[in-house]
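> Quick one: sequence plus predicted model below, questions after.
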Amino acid sequence: MIEPTLQWLADLEAIKRLKYKYIRCVDSKHYEGIAECFIQDATATYEGGKHSLAGRDAILDFLRRSLPAVVTAHHVHHPEIEIAGAATAKATWALEDYVIDLKSNYSLHGAAFYEDEYVKIYGQWKIKHTGFKRIYWERWNRTELKSLQLMENMHAPPRK
Amino acid sequence: MIEPTLQWLADLEAIKRLKYKYIRCVDSKHYEGIAECFIQDATATYEGGKHSLAGRDAILDFLRRSLPAVVTAHHVHHPEIEIAGAATAKATWALEDYVIDLKSNYSLHGAAFYEDEYVKIYGQWKIKHTGFKRIYWERWNRTELKSLQLMENMHAPPRK
Amino acid sequence: MIEPTLQWLADLEAIKRLKYKYIRCVDSKHYEGIAECFIQDATATYEGGKHSLAGRDAILDFLRRSLPAVVTAHHVHHPEIEIAGAATAKATWALEDYVIDLKSNYSLHGAAFYEDEYVKIYGQWKIKHTGFKRIYWERWNRTELKSLQLMENMHAPPRK
């Protein structure tokens, strides 16, 4: 571990906040907020490379197409952040995600390890690369469990 | 982000601890510990305003009535804490909660965003307001899954 | 809380990293990495004392026997770390774990409170004792839910 400094601790905090903002904006489908988290030529490899995206626009386009049909709750844990020099960093994180696909009526549940890269530009940390590899994921058809009820969904129109 | 200082970093840590203590005391039903987390005129709005409570006594009364019938596991993530001045702060958090209602035999599972306010009194951070809005929550009848067994429950009397 | 110092904040960060590395190595079944987390005479009491292990070798032996048959995702939250002096610390954590037993085809889901002890040796924090008590755990037979499919498992041989 590098010699602890205020700057190092503040950078760790800032990188965590960046990740938390990204996840918050994904789960609340706030696309402008997601865009603020990335540099222009950022890359993303979701699902271990199944979805490989080059450029912030491509990432945003992918999310704008994917997110409307799903309710998502992503939670990230266990940040192991390595800061290299004044303006670059990388990190591993643990992910748990739970997704309700409203069209197919499947629930998807899984865990993964993120491997991210960050850069600091004009004093602000941004995502340069994000990607994750699954520990596992599984799915089941929600209609099979007759008693299962989705009681609230912040993205749905209010029930009459 | 404000200029990093030791005090700022220590305040962030103290506010996280306050939240963690509150959650630990809820899940272990340690009401005296819960009470220590709030100022006297604290407010709480659980479930997006469905339960709106004014005053620490009202909050404690609500929890003392609600918690005995349920096994709860609350986990909070992604703290985005903004400290304003020496003695006030606000934060957003992500929540995942899993609740087993022992009376109705339903499981409840959900995710939400907390919006909290804190104040520092005699050197100690306390909760001034806590409240959350759901991303989603769902429930199912545990008896429908015949093989489902609750193997351990710290709040139950030991099995003979 | 003790007077905030850079060293105190750096120690908190280092102890969190130690825990995150331990969990990452358990879930990815990286036994050499797990071994690095413990002192030689470390002790572990998993499942509230059901598995009580004395010594790093005994802990590793237990994990080498237990982990191959399961897919695990452990997530730890809410660190409340108390540093006592220059080289000893203790902490509570919240745990959520989800385990898929591939042999019996059961899913296990639970929450617990960890109580850990740490020591700093040659400048590195290590686990002296780890143990947890359950809030609850439950299990169900995966074959009962006909639509349930394990779509990915990082520990399985790739599907043909």
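Yes, it's here.
> how much space between the residue nearest the centre of chain A and chain C?
Geometric centre of chain A, nearest residue: A:Ile23, 4.5 Å, by CA atoms, centre = their mean. If you measure A:Ile23 against chain C using CB to the nearest CB, to the nearest Å, the figure is 14 Å. For the C-beta atoms, the positions are set from N, CA and C on the backbone; glycine is no exception.
> mind checking which helix or strand that residue is in?
Using DSSP states H and E, A:Ile23 sits in helix A:6-27.
> Just the buried residues of whatever helix or strand comes next after that helix, please?
Once helix A:6-27 ends, the next helix or strand along the chain (criterion: DSSP H and E) is helix A:31-36. Buried positions in helix A:31-36, judged by neighbour count with 16 or more other CB atoms under 10 Å in any protein chain shown: A:Ile34.
> what helices or strands is the longest strand seen in chain A leaning on?
Assignment by DSSP state E gives strand A:124-141 as the longest strand of chain A. Judged by 3 or more CB pairs under 8 Å, 6 or more residues apart in numbering or on different chains; DSSP states H and E, the packing partners of strand A:124-141 are helix A:6-27, strand A:38-46, strand A:88-101, strand A:106-121, strand C:70-84, strand C:149-153.
> chain center to that strand: distance?
Strand A:124-141 sits 6 Å away from the centroid of its parent chain (CA atoms, centre = their mean, to the nearest Å).
> Now render the helices and strands packed on strand A:124-141 as CSV, adding mean pLDDT and distance to C:Gly48.
Below are the helices and strands packed on strand A:124-141 laid out as CSV (pLDDT from 0 to 100; distance: least, CB to CB, whole Å):
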stretch, mean pLDDT, distance to C:Gly48
helix A:6-27, 97, 32
strand A:38-46, 96, 38
strand A:88-101, 98, 24
strand A:106-121, 98, 24
strand C:70-84, 97, 16
strand C:149-153, 94, 28
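> re the thing from before, mind listing what's buried along the helix holding A:Ile23?
A:8-27.
> now swap in stretch A:85-100 and tell me
Residues A:89-100 are the ones in stretch A:85-100 that count as buried (16+ other CB under 10 Å).
> Please apply the same query to stretch A:76-85.
A:76-79, A:81, A:83.
> and chain A, which residues reach chain C?
A:1, A:4-6, A:9, A:12, A:48, A:75, A:77-80, A:92, A:94, A:96, A:106, A:110-111, A:113, A:133-141, A:144-145 (CB under 8 Å from any CB of the partner chain).
> correct me, but A:Ile135 touches A:Gly110?
Yes - the pair A:Ile135 / A:Gly110 is scored as a contact, 7.4 Å apart, by CB atoms under 8 Å.
> so the closest residue to A:Glu82 other than its chain neighbours bridges to which residues?
In space, A:Glu82 comes closest to A:Lys90 once its chain neighbours are excluded; the distance is 5.5 Å by CB to CB, 6 or more residues apart in numbering or on different chains. Applying DSSP bridges to A:Lys90 gives these bridge partners: A:Glu82, A:Glu117.
> residue contacts, A:Asp116?
A:Asp116 makes contact with A:19, A:90-93, A:127, A:129-131, according to CB atoms under 8 Å, 6 or more residues apart in numbering or on different chains.
> give me that answer again for 7 Å
Taking CB atoms under 7 Å, 6 or more residues apart in numbering or on different chains, we find A:Asp116 in contact with A:90-91, A:93, A:127, A:129-130.
> With A:Lys21 instead?
A:33, A:37, B:80.
> ok, of those residues, which one's closest to B:Ile59?
B:Glu80 (23.3 Å; CB to CB).
> I figured that closest one was touching B:Thr92, is that so?
Yes - using CB atoms under 7 Å, B:Glu80 makes contact with B:Thr92 at a distance of 4.8 Å.
> Identify the contacts common to the two.
Joint contacts of B:Glu80 and B:Thr92 (CB under 7 Å, 6+ apart) do not exist.
> right, and the residue nearest to A:Glu82 touches A:Pro79 too?
No - look at A:Lys90 against A:Pro79 with CB under 7 Å: they stay out of range, at 11.1 Å.
> How about the residues of chain A by chain B?
A:6-7, A:9-10, A:13-14, A:17, A:20-21, A:23-24, A:27, A:71, A:73, A:75, A:77, A:100, A:145-154 (CB under 7 Å from any CB of the partner chain).
> before we move on, back to that, nearest to chain B among the contacts of A:Asp116?
Distance to chain B across the contacts of A:Asp116 (CB to the nearest CB) is lowest for A:Trp93, with 11.0 Å.
> need the contact list for A:Gln7.
With contact taken as CB under 7 Å, 6+ apart, A:Gln7 is in contact with B:Pro4.
> end to end, how far does stretch A:132-149 reach?
One end of stretch A:132-149 to the other measures 30 Å (CA to CA, to the nearest Å).
> nope, stretch A:80-91 is what I was after
End-to-end for stretch A:80-91, by CA to CA: 5 Å.
> go on, stretch A:95-108?
Terminal residues of stretch A:95-108 lie 13 Å apart, using CA to CA.
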